[in-house]
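Peer 1: give me a model of this one.
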Amino acid sequence: MINEKNGEERRGKLICENGERIEVKMIRSSRKSCGIQVKKNGQVVVRIPREMSWEAGWQLAEKHSSWIYKQEIHAREEMAKYAEFRWREGAEILYLGKLYTLQVEPDYEGIRFRVCDIGQRLLVSGPFAATEDREEQIKNSVIAWYKKKARLYLEEKVAFWAERMGVSYLRISIRDQRTRWGSCSLKGNLNFNWKLVLLPEELADYVIVHELCHRIYMNHSSDFWKLVERELPDYRQRRKALKSYESEMDQKY
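Peer 2: Got it, this is the predicted structure:
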């Protein structure tokens, strides 16, 4: 039932088969088709064309209420799983698709924090504060180390794939993006999320090939996907695997 009005947006409660009520936000847009999205935080968004009535949009949500409920439950479970994570001794974190265990060693005579890869463990040392700020210091130190590693790692990979594909590019930027793994500008500048250094190598390769293909096709046409498939015949599996990491990346790092 739609119970709120706000211009091109409506909000209401969707009653599922088990009686649970889920809030739904419905938005009218210039799109030609309908779309239902359950975001990582569990928010349900239904987008409909402007010429479609609110009632018809709500009927669409009701028709897919079972799917919406399952996706909303999954989103809540993912949020709960990573809400328990703490940046401290013994915590497990990703690096190049493998789990590493955090090892923390105070060094009160040091003036800066250091992170070292010592074989399936990441050693973090430095002048830690003896307060609740320690977790933040560990996290900041490790992420700074990740970003440094990501630049060299991604620059080398881009150079390899660009030469293999016969395409050029200008500048590479490493960014902290919440919703994108990479992007390519019209000028040929490439942007990549530093979190790619956390993932298995074949997934980073997929993102890089995807963005380099935009140097030829600045769209997602069938010709674009044929080019991606020429370089990575299993790109569909890689793209699906990449999505499986999104909740962890968003909640944990």
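Peer 1: how about the helices in the stretch 151-253 of the chain?
Peer 2: Taking DSSP state H, counting those that start in this stretch, the helices of the stretch 151-253 of the chain run over residues 201-213, 222-231, 235-244, 246-252.
Peer 1: contact partners of stretch 140-156?
Peer 2: Outside of stretch 140-156, the residues within contact range by CB atoms under 8 Å, 6 or more residues apart in numbering are 87, 93, 95, 102, 113-115, 122, 124, 126, 172, 174, 176, 192, 194-198, 204, 208, 253. C-beta here means a position set from N, CA and C on the backbone, and glycine is covered the same way.
Peer 1: ugh, wrong one, stretch 71-83
Peer 2: The contact list for stretch 71-83 (CB under 8 Å, 6+ apart) reads 22, 38-42, 44, 247-248, 251-252.
Peer 1: if we can go back for a sec, what subset of the contacts of stretch 140-156 is buried?
Peer 2: Neighbour counting with 16 or more other CB atoms under 10 Å marks 87, 93, 95, 102, 113, 115, 122, 124, 126, 174, 192, 194-198, 204, 208, 253 as buried within these.
Peer 1: sec struct for I36, please.
Peer 2: Recorded secondary structure, I36: strand (DSSP: H, G, I helix; E, B strand; the rest coil).
Peer 1: can you tell me how far the residue of the chain positioned farthest from its centre is from A75?
Peer 2: Residue distances from the centre of the chain (CA atoms, centre = their mean) peak at E109, which lies 38.0 Å from the mean C-alpha position. From E109 across to A75, the span is 46 Å (CB to CB, to the nearest Å).
Peer 1: and what of R28?
Peer 2: Plainly put, R28 is 24 Å away from A75 if you go by CB to CB.
Peer 1: over to R238?
Peer 2: 23 Å.
Peer 1: what do you get for G126?
Peer 2: Distance, G126 to A75, using CB to CB: 36 Å.
Peer 1: follow-up on the earlier one: could the contacts of stretch 71-83 go into a markdown table alongside pLDDT?
Peer 2: Formatted as a markdown table, the entries for those read as follows, by pLDDT from 0 to 100:
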| residue | pLDDT |
| --- | --- |
| I22 | 87 |
| V38 | 85 |
| K39 | 82 |
| K40 | 77 |
| N41 | 79 |
| G42 | 81 |
| V44 | 89 |
| S247 | 78 |
| E248 | 81 |
| Q251 | 75 |
| K252 | 82 |
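Peer 1: look at N140 and say how many residues are nearby.
Peer 2: Other residues near N140 come to 13 when the count uses other CB atoms under 10 Å.
Peer 1: if I look at it, how far off is G126?
Peer 2: Between N140 and G126 the distance is 10 Å, computed by CB to CB.
Peer 1: residues in contact with both of those two, list them for me.
Peer 2: The overlap between the contact sets of N140 and G126 (CB under 8 Å, 6+ apart) consists of F113.
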